[in-house]
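*Asks:* Everything below, folded, please.
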Amino acid sequence: MRKIRIGLVPERRWLADQKTRKGIFQPSYAVDNKNHVLDYIKKNCADENTEFTDLEWLNDEGLLFENDDVEKVVDYLKAEKVDALFIINCNFGNEDAAGRVARMMGLPVLLWGPRDNLFTPEGNRFTDCQCGLFAISEQLHRSHIPFSYIENCDIEDKAFAEGLDRFLSVVSMLKTFKGMRIVQVGCRVKPFKSVMFNEMELMERFGIDVTPINMAEAVAKLEKIYNDPARRPELEALAADTKKKMDCSSVDDELLVKMMTFVPFYKELKEENHADIISTECWTSMPLGFGANPCLAMSILGDMDCLVTCESDIYGAITMALLEAMERGRSVPCFGEFTCRNPENDNSELLWHCGPFAYSLKAPESKAYIFNTKPSFRVKDGDWTIARFQGADGRFRLLGGDFRTCGGPHTFGTHMWADFGNLPRVERKVIEGPYIHHMAEIQGRHAETLREFCKFVPGLEFDDLYN
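*Replies:* Modelled structure (predicted):
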């Protein structure tokens, strides 16, 4: 998981009489706002993957208000290697300084200011935080700087928590997307022309790098791990742990150990190639070349910060990496495809794959077992997000929408039953999109985060699943 660092840029209006000003725009009230906001953010919003840096070093107030300080602030934020800016309007603000910092940094921007709540019985007020937001936003528009915005509210409000969380997810996605590295094991599955992709276009447009590992190299590495006596305890330990989690009685012990070989194989490929995700051939070539399927290992690796997507679907791998980055360690995505309609619900679809979903997604009441050497279980019920990154005809789109799970017949493989409300409309959307049946899903309702992400990626369009 990549860490993100946010540059906090609290600011206020420049005042010629700042040392003597009383009443409206009095600097001390901006300082009070800044202190409260910074304290709240650092106590409630920082975590092991999210850091914040501020301007406390700049002056006695820790606020940007002097135009002459813009270059100083930019140099500092660049040295701190921040991934995004959060412009905090503590009292009207300096639209010129804010716009110049944003333009010179060239990073994603979040704009917000705390609600103006202080009014005296005599009719006095001391801050105009909301008013300044309109001025700053216009400067960002004029400079063609894409930005996110949280409505003017108290920092303790739900709107602030949701808005900041969405922006942090977008920043995480952008950091993963720009310069993403994908390891491709094997080539495209022969009968699956649907997963064709344009490697050069991904590199030229988005800086996405695909590193190929041919099957001869892959099988040689698998055989080396499997036949190394020093690696045997590692493989047997993985097999023993798997037996504790699911019914493995349908496969003999040696085959189970052999299947575990894929776990260190893919992990090492990811580490050696500094990759974000792996896309692999699976049921077509792995049994032929190595005598085992990798699906169980994919399920295990999903909970080890090593996502592996099947059937050589590079666009699917990009989608999975984006969803993983969006959730910032809180959940893992799965790779469920549109498979068949629910015989018990006309608006429900089986989102399924033969076994690669992470075990941590399993519904508590679902019994996990091995079927045809692949895991089988139903995932947790609740709200989910579905997405698909797709390129066609020189255009790139990110399809996205939210749904809830529902009941449906028992079946093999890793799966869920998704209720889309109007399945025929969704089916038509996917077919006419143009998209394919492979999708990626993650827990929670995040379609708006996907939409916001596309705002910051030139050449990538958000496509609403339901429109």
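
*Asks:* Pull up the gap between residue 57 and residue 399, please.
*Replies:* Residue 57 sits 44 Å away from residue 399, taking C-beta to C-beta, to the nearest Å as the criterion. C-beta: built from backbone N, CA, C; applies to glycine.

*Asks:* for residue 81, same thing?
*Replies:* 33 Å.

*Asks:* that's a helix at residue 287, yeah?
*Replies:* Yes. According to DSSP: H, G, I helix; E, B strand; the rest coil, residue 287 belongs to a helix.

*Asks:* and it, what does it touch?
*Replies:* Applying C-beta atoms under 8 Å, 6 or more residues apart in numbering to residue 287 gives the contacts residue 293.

*Asks:* For the spatially most central residue of the chain, which non-adjacent residue is closest in space?
*Replies:* Centroid check for the chain by C-alpha atoms, centre = their mean gives residue 326 as the closest residue, at 2.0 Å. The shortest distance from residue 326 to any non-neighbouring residue, by C-beta to C-beta, 6 or more residues apart in numbering, is to residue 169 (4.5 Å).

*Asks:* isn't that neighbour right up against residue 329?
*Replies:* No. Between residue 169 and residue 329 there is no contact under C-beta atoms under 8 Å: 11.2 Å.

*Asks:* picking up where we left off before, between residue 81 and residue 399, who's got more neighbours?
*Replies:* Taking other C-beta atoms under 10 Å, residue 81 and residue 399 do not tie; residue 399 has more neighbours (22 against 9).

*Asks:* In contact with that one, which residues?
*Replies:* Contacts of residue 399 (C-beta under 8 Å, 6+ apart): 386, 387, 388, 389, 390, 429, 430, 433, 435, 463, 465.

*Asks:* and with 7 Å instead?
*Replies:* 387, 388, 390, 433, 435, 463, 465 (C-beta atoms under 7 Å, 6 or more residues apart in numbering).

*Asks:* Narrow those residues to those that are buried.
*Replies:* 387, 388, 390, 435, 463, 465 (16 or more other C-beta atoms under 10 Å).

*Asks:* Just put the residues you listed in CSV and tack on distance to residue 411, pLDDT and secondary structure.
*Replies:* As requested, those are exported to CSV (distance: C-beta to C-beta, whole Å; pLDDT from 0 to 100; DSSP: H, G, I helix; E, B strand; the rest coil):
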residue, distance to residue 411, pLDDT, secondary structure
387, 23, 99, strand
388, 22, 99, strand
390, 27, 98, strand
435, 23, 96, coil
463, 29, 98, strand
465, 23, 98, coil
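
*Asks:* For these, give me a markdown table that also has distance to residue 447.
*Replies:* Rendered in a markdown table, the data for these read as follows (distance: C-beta to C-beta, whole Å):
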| residue | distance to residue 447 |
| --- | --- |
| 387 | 8 |
| 388 | 12 |
| 390 | 16 |
| 435 | 15 |
| 463 | 11 |
| 465 | 8 |
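
*Asks:* State the pair within these that is farthest apart.
*Replies:* Among those, the pair separated by the greatest distance (C-beta to C-beta) is 390 and 465, at 12.3 Å.

*Asks:* Going by the annotation, which residue ranges form each domain of this structure?
*Replies:* Taking automatic domain parsing as the criterion, the chain consists of the domains 4-177, 181-464.

*Asks:* ranking the ones you listed by mean pLDDT, which is last?
*Replies:* For those, the weakest mean pLDDT is recorded on domain 4-177, namely a mean of 93.

*Asks:* quick check: longest helix of this protein.
*Replies:* helix 158-177 (DSSP state H).

*Asks:* which residues in the stretch 1-150 of the chain form strands?
*Replies:* If DSSP state E, counting those that start in this stretch is used as the criterion, the strands of the stretch 1-150 of the chain fall at 4-12, 50-53, 84-91, 109-112, 147-149.

*Asks:* Also the stretch 351-467 of the chain?
*Replies:* Secondary structure of the stretch 351-467 of the chain (DSSP E, counting those that start in this stretch): strands located at 369-371, 374-378, 383-392, 395-405, 414-419, 440-443, 460-464.

*Asks:* In a markdown table, list these along with distance to residue 210.
*Replies:* Converted to a markdown table, those look like this (distance: least, C-beta to C-beta, whole Å):
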| stretch | distance to residue 210 |
| --- | --- |
| strand 369-371 | 32 |
| strand 374-378 | 26 |
| strand 383-392 | 13 |
| strand 395-405 | 15 |
| strand 414-419 | 26 |
| strand 440-443 | 18 |
| strand 460-464 | 18 |
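
*Asks:* Which of those sits closest to residue 284?
*Replies:* Nearest of the strands of the stretch 351-467 of the chain (C-beta to C-beta): strand 374-378, 14.1 Å.

*Asks:* if we can go back for a sec, downstream of the helix or strand where the residue nearest to the centre of the chain lies, the next helix or strand is which one?
*Replies:* Using DSSP states H and E, residue 326 falls within helix 314-327. On the C-terminal side of helix 314-327, the closest following helix or strand by DSSP H and E is strand 337-342.

*Asks:* buried residues in that following strand?
*Replies:* Residues of strand 337-342 classed as buried by neighbour count (16+ other C-beta under 10 Å): 337, 338, 341, 342.

*Asks:* Just give the nearest non-adjacent residue to the third one, would you?
*Replies:* Looking back up the chat, that one is residue 341. In space, and not counting its chain neighbours, residue 341 is closest to residue 349: 6.1 Å by C-beta to C-beta, 6+ apart.

*Asks:* Counting by contacts, list what the strand or helix carrying the one you found packs against.
*Replies:* Element membership of residue 349 [criterion: DSSP H and E] is strand 345-353. Judged by 3 or more C-beta pairs under 7 Å, 6 or more residues apart in numbering; DSSP states H and E, the packing partners of strand 345-353 are strand 337-342, strand 414-419, helix 423-432.

*Asks:* the inter-axis angle of the longest one versus strand 345-353?
*Replies:* What separates the directions of helix 423-432 and strand 345-353 is an angle of 40 degrees, with axes from the mean of the first three to the mean of the last three C-alpha atoms, to 10 degrees.
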